[in-house]
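Q: the sequence and its predicted three-dimensional model are supplied below.
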Amino acid sequence: MTGLGLVLEKMEEGGYWFVREAEVNNSQGLVAGEVVIVSTGKELALAQGMLKQVDRKKLVVWLDRDLTKHGPVFTIDRYTYHGGQSAC
């Protein structure tokens, strides 16, 4: 699931608040506690963090980086780990 067209509304101790006018389609199951990646249209994987809260028009995320100098529009994607396989 991807959160497209999200705008950084505010940053506070509780996390980064991303909002958009249209409702966030949550049918694919983004849930609080998932690890996510935050990007813009020009910069991929600016930050990663944990999704703290999911509402219809708002996502709250704890992030490992300051995003206040980026944006203004962001995309939030579910982080998917692909471990390497090695042959012995």
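A: Looks like it came in fine.

Q: and the residue nearest the centre of the protein?
A: Ile76 (3.2 Å; CA atoms, centre = their mean).

Q: surely that residue is in contact with Val38?
A: Yes - with contact defined as CB atoms under 8 Å, Ile76 reaches Val38; the gap is 5.5 Å. To be clear about C-beta, it is placed using only N, CA and C from the backbone, and glycine gets the same treatment.

Q: what do these two both touch?
A: Val61 (CB atoms under 8 Å, 6 or more residues apart in numbering).

Q: got any ranges where the chain has weak pLDDT?
A: Within the chain, the ranges that satisfy pLDDT under 70 run 1-2, 24-29, 85-88.

Q: what about 50?
A: For the chain, no stretch is flagged by pLDDT under 50.

Q: I'd like the next helix or strand past the top strand by length along it.
A: Longest among the strand segments of the chain by residue count, using DSSP state E, is strand 2-12. As assigned by DSSP states H and E, the chain's next helix or strand after strand 2-12 is strand 15-19.

Q: returning to what we had before: any idea how far the longest strand of the chain is from the chain center?
A: Taking CA atoms, centre = their mean, to the nearest Å, the mean C-alpha location of strand 2-12 is offset from the chain mean by 8 Å.

Q: who does it touch, helix- and strand-wise?
A: Contacts defined by 3 or more CB pairs under 8 Å, 6 or more residues apart in numbering; DSSP states H and E place strand 2-12 against strand 15-19, strand 58-63, strand 73-78.

Q: among those strands, which is nearest Lys42?
A: strand 73-78 (10.1 Å; CB to CB).

Q: name the residues of that closest one that are buried.
A: Phe74, Thr75, Ile76, Asp77, Arg78 (16 or more other CB atoms under 10 Å).

Q: now do that strand and strand 15-19, the angle between them.
A: 110 degrees (axes from the mean of the first three to the mean of the last three CA atoms, to 10 degrees).

Q: one step back: contacting residues around the longest strand of the chain?
A: 16-20, 22, 24, 30, 58-59, 66-68, 71-78.
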